[in-house]
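Asks: Just to be clear, the model below is a prediction. Sequence and coordinates:
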Amino acid sequence: MEEPEIYSVTNAQTPLSVDQAWRFKRYLISMSVRVVCFVACIIASGWLRWTFFAGALVLPWFAVVIANAGRENAAGAADSMQRSPWEIEQ
């Protein structure tokens, strides 16, 4: 009889609540930089105004991409923890 596979705790992912808190923090920081760009756009003049305006325009896209980056599985960690339905039935 084959013994069941024992999983290491080191392969476990970070808790979802910790991951969501970290993503929220990254998003909040990115959007804070956007607000600073808007204020600087009002204060600055010339080419610098347009640079801040472009930053304020593009930053929401980067903020979403950066905030959504996470919960990627480590190479092979998820594969060792997932079993197909026919393996469970046996």
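Replies: Received the coordinates, thanks.

Asks: Low-confidence stretches in this protein?
Replies: Within the chain, the segments meeting pLDDT under 70 span 1, 7-12, 70-90.

Asks: Going by residue numbers, what spans are helices in it?
Replies: Along the chain, counting by DSSP state H, helices occupy 16-43, 47-68, 77-81, 85-89.

Asks: which residues touch Ala56?
Replies: Neighbouring residues of Ala56 by C-beta atoms under 8 Å, 6 or more residues apart in numbering: Arg34, Cys37, Phe38, Cys41. Every C-beta, even on glycine, is put in place using the N, C-alpha and C of the backbone.

Asks: Find the nearest non-adjacent residue to it, please.
Replies: In this structure, Ala56 finds its nearest non-sequential neighbour in Cys37, 3.9 Å apart by C-beta to C-beta, 6 or more residues apart in numbering.

Asks: so that neighbour makes contact with Gly55?
Replies: Yes: at 4.2 Å, Cys37 counts as touching Gly55 under the criterion of C-beta atoms under 8 Å.

Asks: what's the burial count for Ile43?
Replies: Look at Ile43: counted by other C-beta atoms under 10 Å, it has 10 neighbours.

Asks: Would you quantify the distance from it to Asp19?
Replies: 37 Å (C-beta to C-beta, to the nearest Å).

Asks: circling back: which stretch among the helices of the chain comes nearest Ile6?
Replies: For Ile6, the closest of these is helix 77-81, at 10.8 Å, according to C-beta to C-beta.

Asks: circling back to that earlier point, turn the contacts of Ala56 into TSV, including distance to Trp61 and neighbour count.
Replies: Below are those laid out as TSV (distance: C-beta to C-beta, whole Å; neighbours: other C-beta atoms under 10 Å):
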residue	distance to Trp61	neighbour count
Arg34	10	19
Cys37	13	19
Phe38	16	15
Cys41	17	19
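
Asks: which residue sits closest to Ile66, ignoring its sequence neighbours?
Replies: Closest residue in space to Ile66, ignoring its immediate chain neighbours: Arg26 at 5.4 Å, by C-beta to C-beta, 6+ apart.

Asks: got a list of what that neighbour touches?
Replies: Ala63, Ile66, Ala67.
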